[in-house]
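# Give the three-dimensional model of this entry:
(chains A and B)
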Amino acid sequence: MSNTSENPNPSSSSAKITLKTSDNELFEVEEAVAMKFCTVKQYFEDEKDNDVAARGSSTVIPLPNVHSAVLARLISYCKKLPQSNAVADNHEEEETKKKERKQYGTPGDLVDLISAANYLDFKEGLEFFNQALADHIQNKSVEYVRKFFGIKGDFEPHEEEKYREEYAWAFEGVDED
Amino acid sequence: MSRSRRCSLSLRSDDSKWRWGRRSRRCTLSLSSDDSDSRRCRLKSLPEELVEEILAWLPVKSLVRFKCVKKSWSALFQTPTFIAKHLRYNQSKTKNHPNPTLLVQLLSRRSLVSKYLLQSHHHDEANDHRSVYHDHLLQYHHDVGSVSEKEGRLPFVDYFQGENMMSGLFTDGLLLPNMFACINGIICIGGLFNCYPSFHGFVLWNPAIREDKTVAYPLTLPPDFVLAKKSFSFFAFGYDQISNDYKVVGVDRYTMKSAITSYYNSFYVYSLRADSWTQIFSTPFHHSIVWVHSRQDEIYFNGVHHWLGFPNEEAGERYNSLIIISFDMSHEVFQIIRFPEFSTRKRKRLTVFNDCLACILYGITEPIDIWVMREYGVEDSWTKQLVVNPPVPITRPVRFFG
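Next comes the predicted model:
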């Protein structure tokens, strides 16, 4: 946890902004990083308009929907952002990117990251973590995906059977659950 | 005044700042179920719109498999919006094609049967010699467009179990093919189908989902008209970005039985979504003498197909009078684009240069001029961009690479 009330120079180019997570952790982040979160940016700009005198690094922006563990990951992703979202030039680079996307935790962590990126209106992050989760499920079975998303199948057994026969090629090479 | 309270309120209450807005709440509810398994599942908190965003990143094979997860998923994957999004996301992954693909016509024992095979190169880091093969394929690949995401092989091509063999379409009896095009992974091959009764038409083939569809060209001639002798029919495959539809446009030339020296054009458009043909009447060429010059000199660019043509019969004697006849796939309008007054009788060929419509002027032993229409549709913007001097006589320029 960081103490944020003592930054003497709010107008410096590396101005910091303090974010407060759902579990009351305080994160002091560079303004440039915080501004990638449109929800924070919007709030910050409203605040500036409303109360110019009070503007400064002592502003604490509460993020009641984001847990500290998730925010820490999002911030570390932000710092690598320029490389992470560049379009891959070829097959090798795409594979490297896949490996990189794998580093952000379990599928459950990814879901938390996606929810948080969505709440923060952080477009690049949302795209990145959506891809990471898609990488994870792309070779999974139908049963795995149903369980993962908490979905109950609603096809009649004979309908599903028929479909699986017709498109048998799509059911080949599926990973173990 | 408590600032922190004000902040929380403003963050929580302003839905417009929330990307998915109100719809996400409704969807959160619909994803929850009484099933105790899914109650424990933390993922039930993802709204449907977010799940859709995740699914749009999946390869085609996964989508085909996950169609049977749930009825609403199956329906979702077939909506034009989802298909367009899926295409956009997957195209944004790499600049170059992940699997270069070559469409070949096979040698056939029966000379009247043509078979096509789509070969896709699978990248293998452990094998150097394949990388060479890779480059080789890529050059040809530009001629047929791009196809990605094909896996496995079709059961009816068992005797071609090569490791690069991905998917194949055997169109028995497609003769005299006169159209090859590929847009967004959908291949279109047109020609005469030699079944009984034989007919002119085309095949639309989507190798990624292994589906194809054969469509016959309509017979649209009014009574008392006949197709012009020695006439050519022209067809072009295109994509309408506005209505997100695939189209084939056809141009036929015909004459009145009573006056076979006056020619007319008949234009018709097939829409894949509507699965039907529409004849286009509101075109200045319908009863005019404009005609398409050659099948060799056409180019599809920016959603518009371009042919070289002649404004009228008499002027057709002179090469300088060549014009471009364009068809806009979205607005379904034909237009004429004129060249500047070239002070040469060199032959012309359409191409795309630096993302602009361009024309190559060439002769057997003359320098090759490249003219570029810098601003699309503005005839004053034709500019001579480049002169190339081939050291030996040439038959014709083929195309630009790179």
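# can you give me the helices in chain A?
A:31-34, A:38-50, A:68-84, A:91-102, A:107-119, A:123-137, A:142-149, A:157-166 (DSSP state H).
# in chain A, what residue sits furthest out from the centroid?
A:His158 (39.1 Å; Cα atoms, centre = their mean).
# that older thread, out of the helices of chain A, which comes closest to chain B?
Among these, helix A:123-137 comes nearest to chain B, with 3.6 Å by Cβ to the nearest Cβ. Yep, even glycine has a C-beta here, placed from its N, CA and C like the rest.
# measure the residue farthest from the centre of chain A to A:Thr39 for me?
48 Å (Cβ to Cβ, to the nearest Å).
# tally of neighbours for B:Phe235?
24 (other Cβ atoms under 10 Å in any protein chain shown).
# That one is in what secondary structure piece?
Using DSSP states H and E, B:Phe235 maps to strand B:234-240.
# Relative to the next helix or strand after that strand, what are the paired strands and their orientations?
Using DSSP H and E, the next helix or strand after strand B:234-240 towards the C-terminus is strand B:245-256. Here strand B:245-256 has these sheet partners by DSSP bridges: strand B:225-227 (antiparallel), strand B:234-240 (antiparallel), strand B:259-271 (antiparallel).
# what's the closest of the helices of chain A to B:Asn354?
helix A:91-102 (25.7 Å; Cβ to Cβ).
# Identify each buried residue in the closest one, please.
A:His91, A:Glu93, A:Glu94, A:Lys97, A:Arg101 (16 or more other Cβ atoms under 10 Å in any protein chain shown).
# Alpha carbons only: can I get that helix in CSV?
Output of helix A:91-102 as CSV, limited to C-alpha atoms (Å, rounded to 0.1, in the frame of the first residue of the first chain):
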residue,chain,number,x,y,z
HIS,A,91,3.3,-16.9,-38.1
GLU,A,92,6.2,-16.9,-35.7
GLU,A,93,5.3,-13.6,-34.2
GLU,A,94,1.7,-14.7,-33.8
GLU,A,95,2.9,-17.8,-31.9
THR,A,96,5.1,-15.5,-29.6
LYS,A,97,2.1,-13.4,-28.9
LYS,A,98,0.1,-16.5,-28.0
LYS,A,99,2.8,-17.4,-25.5
GLU,A,100,2.8,-13.9,-24.1
ARG,A,101,-1.0,-13.9,-23.7
LYS,A,102,-0.6,-17.2,-21.7
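# Tell me what angle that helix forms with helix A:123-137.
100 degrees (axes from the mean of the first three to the mean of the last three Cα atoms, to 10 degrees).
# For helix A:91-102, give the mean pLDDT please.
Across helix A:91-102, pLDDT averages out at 78.
# could I get the buried residues of helix A:91-102 as JSON lines with distance to chain B?
Output for the buried residues of helix A:91-102, formatted as JSON lines (distance: Cβ to the nearest Cβ, whole Å):
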{"residue": "A:His91", "distance to chain B": "5"}
{"residue": "A:Glu93", "distance to chain B": "7"}
{"residue": "A:Glu94", "distance to chain B": "5"}
{"residue": "A:Lys97", "distance to chain B": "8"}
{"residue": "A:Arg101", "distance to chain B": "10"}
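# got the residue ranges for the helices in chain B?
With DSSP H as the criterion, chain B has helices at B:3-13, B:23-31, B:36-40, B:48-55, B:60-66, B:71-77, B:80-93, B:128-144.
# All good on my end, thank you.
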